[in-house]
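>>> my questions are about this predicted structure, shown below with the sequence.
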Amino acid sequence: MAVDPRSAPPLWQALQQRLGYTYARPELLRRALTHRSWGAEHNERLEFLGDAVLSLAVSRLLYERLADSDEGELTRVRAHLVREDSLHRLALALELPEVLRMSEGELRGGGSQRPSILADAVEALIGAVFLDGGYDAAHGVVQRLLGDVIQASEADNWGKDAKTELQEWLQARRVPVPAYTIVATRGQAHAQTFEVECAVATLGLTERGQGRSRRSAEQEAARRMLDALKASDHPGGPLRS
């Protein structure tokens with residue numbers, strides 16, 4: 001069961017040991033571990049910040065590791081490293097389900113095990129490290145969490161996710177990148193389904209996808225768009241010289 005870190009110092013301290021970082025401002029750690037169902041002092045703003053810090057840190061590590069890779073290859077590998085399922089695995093390794101703070105209703109609905117919530121919490125923790133200790137501290141945490149994977153990475157080992165493949169496919173044809181919009185959310189807060197629209201405005205095309213998180217819905221919408229473009233004779237279809 002998820003617990004309040006303030007009432008369980010050993011769990012809180014153990015998490016910081018696994019991160020390899022001790023917060024000088026414990027309130028930042030507390031907020032990073034707080035789901036919006038708990039109350040107003042939740043982790044969504046830290047998640048927003050942590051997403052950007054994580055992307056920058058991973059970009060720097062990949063830039064140093066894959067010196068012979070071009071921008072497209074680096075972007076593809078980064079997308080795999082920071083996507084939801086990768087962060088979910090990190091959250092489980094960090095044992096975040098044991099320390100997340102959320103409402104009883106969210107807990108009963110399995111919220112402490114939901115991949116999207118756990119991935120968001122990883123980003124929030126990184127955002128909290130950035131505010132607490134600065135970029136170098138956050139970079140150090142990211143390196144400890146992902147360094148071994150990055151050192152073992154080769155660009156050819158990572159397939160393209162649907163969003164990356166769609167973006168590259170469109171850019172090769174000089175078509176502006178697509179826009180993603182949440183058009184509907186269904187279900188209770190602890191078990192929502194997201195519906196996302198992928199729109200390629202210059203081609204007048206839209207496709208929709210569904211998923212248990214915004215990110216997974218975006219990937220499904222991108223996959224449907226890519227399939228539709230490849231199957232059509234649209235001017236945005238076959239690559240032209």
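Okay, I see it.
>>> in contact with residue 54, which residues?
82, 122, 123, 126, 142 (C-beta atoms under 8 Å, 6 or more residues apart in numbering). C-betas here are computed from N, CA, C, even on glycine.
>>> that one - that's part of a strand, no?
No: the assignment for residue 54, made by DSSP: H, G, I helix; E, B strand; the rest coil, is helix rather than a strand.
>>> the nearest residue to residue 54 once chain neighbours are set aside in helix, strand or coil?
With C-beta to C-beta, 6 or more residues apart in numbering as the criterion, residue 54 has its nearest non-adjacent residue at 5.2 Å, and that residue is residue 126. At residue 126 the chain is in helix, as set by three-state DSSP.
>>> how many neighbouring residues does residue 126 have?
Residue 126 is flanked by 28 other residues according to other C-beta atoms under 10 Å.
>>> that one and residue 50 touch, don't they?
Yes: counting by C-beta atoms under 8 Å, residue 126 touches residue 50, with 3.9 Å between them.
>>> just the strands in this protein please.
Applying DSSP state E to the chain gives strands spanning 179-186, 193-200, 205-211.
>>> measure how the first one sits relative to strand 193-200, angle-wise.
With axes from the mean of the first three to the mean of the last three C-alpha atoms, to 10 degrees defining the directions, strand 179-186 sits at 160 degrees from strand 193-200.
>>> what's strand 179-186 in contact with?
192-199, 201, 208, 214, 217-218, 221-222.
>>> residue 136: which of the residues you listed is nearest?
Distance to residue 136, by C-beta to C-beta, is smallest for residue 214 among the contacts of strand 179-186, at 30.5 Å.
>>> just to revisit the earlier point, in TSV, list the contacts of residue 54 along with distance to residue 177 and pLDDT.
What follows is the contacts of residue 54, written out as TSV (distance: C-beta to C-beta, whole Å; pLDDT from 0 to 100):
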residue	distance to residue 177	pLDDT
82	18	90
122	26	97
123	23	97
126	26	98
142	26	97
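>>> and these, which of them are in helices?
82, 122, 123, 126, 142 (DSSP state H).
>>> will you turn those into JSON lines that also has distance to residue 69?
Listed next are the ones in helices among the contacts of residue 54 as JSON lines, based on distance: C-beta to C-beta, whole Å:
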{"residue": "82", "distance to residue 69": "16"}
{"residue": "122", "distance to residue 69": "25"}
{"residue": "123", "distance to residue 69": "25"}
{"residue": "126", "distance to residue 69": "24"}
{"residue": "142", "distance to residue 69": "19"}
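>>> let me know the closest of the residues you listed to residue 63.
Distance to residue 63 across the ones in helices among the contacts of residue 54 (C-beta to C-beta) is lowest for residue 142, with 13.3 Å.
>>> contacting residues for that closest one?
Contact partners of residue 142, counting by C-beta under 8 Å, 6+ apart, are 53, 54, 57, 58, 61, 126.
>>> so how far is residue 52 from the residue nearest to residue 54?
9 Å (C-beta to C-beta, to the nearest Å).
>>> what of residue 125?
14 Å.
>>> okay, those two: which has more neighbours?
Ranked by neighbour count (other C-beta under 10 Å), residue 125 and residue 52 place residue 125 first, with 31 against 13.
>>> and the spatially closest residue to residue 61 that is not a sequence neighbour, how many neighbours does it have?
Distances taken as C-beta to C-beta, 6+ apart put residue 150 closest to residue 61, at 5.0 Å, once the chain neighbours are dropped. By the measure other C-beta under 10 Å, the count of residues near residue 150 is 19.
>>> got it, and residue 206?
18.
>>> burial count for the spatially closest residue to it that is not a sequence neighbour?
In space, and not counting its chain neighbours, residue 206 is closest to residue 199: 4.7 Å by C-beta to C-beta, 6+ apart. Look at residue 199: counted by other C-beta under 10 Å, it has 17 neighbours.
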